[in-house]
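[1] Got a sequence here, can you build the structure:
(4 chains)
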Number of protein chains: 2
Amino acid sequence: MAIKIFIADDHYMVVEGIRSMLLQEKNIEWMGHAMNAASCMAFLYQQQPDVLLLDINMPDKSGIDLCKEIKEKYPEILIIGLSSFNQQSYIQKMMQNGASGYVLKNASREEIVSAIESVINGDTFLSSEASVTMRENKDAQIPVITRREKEVLQLIAEGLINKEIAEKLFISTTTVDTHRNSLLSKFDVKNTANLIKLAAQYNLI
Amino acid sequence: MAIKIFIADDHYMVVEGIRSMLLQEKNIEWMGHAMNAASCMAFLYQQQPDVLLLDINMPDKSGIDLCKEIKEKYPEILIIGLSSFNQQSYIQKMMQNGASGYVLKNASREEIVSAIESVINGDTFLSSEASVTMRENKDAQIPVITRREKEVLQLIAEGLINKEIAEKLFISTTTVDTHRNSLLSKFDVKNTANLIKLAAQYNLI
DNA sequence: GCAAGCCTCCCCTTTTTCCATGATTTTGAG
DNA sequence: CTCAAAATCATGGAAAAAGGGGAGGCTTGC
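    Down below sits the predicted model:
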């Protein structure tokens, strides 16, 4: 029985590229594609593929969040993350949210096919480059920050000073200071500049 | 006579997607593709396409720099920028370096064909979304910063304080302070946090 | 119940940044 | 060469952040 594939990616040429690459594979059935999160969900409501190739960057929603939602509603669908970025934070989050694989958009035909076959067999597939990234950065985890810390972080990035943040969040400046210190500590950095740089890299702001 | 097309993009599925989309166009001749800047230049040394689709992000060199080089050596080649990002800074730099068009990777088949036809006719083609971005942000230019300011900016982002930066660059701390102030002023921000956030958005760090 | 984690608040000292102003030397493009 | 921009250095004061404490109330899960 053919493996049913669906793809969600807002880049039409990527969709077309993968379709073209998989066309010659006999045991793969192309179900179609969606260009945004909403229409992807709408499709899944009607029918479910075996494997879903899911882009990290969608216009209406991040693929990372979407991955989580889909896995909650349709746990049997195997998801392979798809992105241009060999960025450890994305890969990590994607896997945490239930993805079975991750391939970069510079993948070859063979790599895509392998990825699909691997996840179907219950294995996890990571693009060779992606897995190298994972190994390299395995001790550079994204810090776990709390809701409040994230709010403070974002306001710091906006250029607000402690007093302004305090007024905006209806808390004391000393509290803001506490959150700030714990952010510095969790990110293991010495000052705000370094904090914001890392936060930007992790796509937290 | 058919229009000769060559594409430089490290994402194989994008190459394959475009190839598949252009296959049915009779007046387009597919010359092939390169996956990095070096092999692209090597190909151009042998033969020249009429239109070159050039990715912004290449493993060995930025498409923006490559665009400039190619236009200097082969001014007759028409270049169309290609990227996933609808980011005004990229588009602007690409056009400044001699590109004739810019399309996003979510472009449809029709859009690609239009882009190619437009630049062949001597016109400039911008993806509708890209041109909207250009108009929206025309007054939100990326600040022009000097070599030294950029160095200081990057060291600030690393978390270094003025004294450390001064030692690293063999200048006085007051000089670092001056550069720092001019950065704040050029970016029109109030503090370092905001500066670093913008710098990250503009891909300066 | 109770521990753990989160959010809240306060104090103190030191360090660093922010801002204004002015001036000299170096560099680079025309 | 020449002029403008860039890079260099300085003074000094106000504001903000960093770093170190300590502490109470609040959910949440075991």
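[2] Now the phi/psi pair for A:Gly32, please.
    The phi/psi pair for A:Gly32 (degrees, to the nearest 10) reads phi 130, psi -160.
[3] name the element the residue lying closest to it once chain neighbours are set aside belongs to?
    Leaving aside its sequence neighbours, A:Gly32 sits nearest to A:Phe6 (Cβ to Cβ, 6 or more residues apart in numbering or on different chains; 6.3 Å). From N, CA and C alone the C-beta is placed, and that goes for glycine too. If you go by DSSP states H and E, A:Phe6 is part of strand A:3-8.
[4] can you list the residues that contact that strand?
    For strand A:3-8, the surrounding residues in contact (Cβ atoms under 8 Å, 6 or more residues apart in numbering or on different chains) are A:15, A:18-19, A:22, A:27-37, A:40, A:43-44, A:48-55, A:58, A:63, A:66, A:82, A:116, A:120.
[5] neighbouring strands for that strand, and are they parallel or not?
    Using DSSP bridges, the strands paired with strand A:3-8 are strand A:28-34 (parallel), strand A:51-55 (parallel).
[6] Provide the count of other residues in contact range of the closest residue to A:Leu204 other than its chain neighbours.
    Sequence neighbours aside, A:Leu153 is the residue nearest to A:Leu204 in space, at 6.4 Å (criterion: Cβ to Cβ, 6+ apart). For A:Leu153, the tally of surrounding residues (other Cβ atoms under 10 Å in any protein chain shown) stands at 23.
[7] And for A:Lys26?
    6.
[8] Repeat that for the one 5 residues further on.
    Neighbour count of A:Met31, defined by other Cβ under 10 Å: 16.
[9] my guess is it contacts A:Gln48, does it?
    No - assessed by Cβ atoms under 8 Å, A:Met31 is found out of contact with A:Gln48, at 9.1 Å.
[10] residue contacts, A:Asp123?
    A:Asp123 neighbours (Cβ under 8 Å, 6+ apart): A:Ser100.
[11] what does chain A have sitting close to chain B?
    Contact residues, chain A versus chain B (Cβ under 8 Å from any Cβ of the partner chain): A:10-21, A:35, A:57, A:84, A:104-109, A:112, A:156-159, A:161, A:189-197, A:200-201, A:205.
[12] Please list which of these also come close to DNA strand C.
    Restricting the residues of chain A next to chain B to those near DNA strand C by Cβ under 7 Å from any atom of the strand leaves A:Asn191, A:Ala193.
[13] and the residues of chain A next to chain B, which are buried?
    Buried members of these, scored by 16 or more other Cβ atoms under 10 Å in any protein chain shown, are A:10-21, A:35, A:57, A:84, A:104-107, A:109, A:112, A:156-159, A:189, A:192-197, A:200, A:205.
[14] In helices, which of the residues you listed fall?
    A:12-21, A:109, A:112, A:156-157, A:192-197, A:200 (DSSP state H).
[15] can you narrow those residues to ones near DNA strand D?
    Among these, the residues within reach of DNA strand D (Cβ under 7 Å from any atom of the strand) are A:Ile156, A:Thr192, A:Leu195.
[16] burial of A:Cys38, as a residue count?
    Heads up, residue A:38 is Ala, not Cys. Using other Cβ under 10 Å, A:Ala38 is surrounded by 14 other residues.
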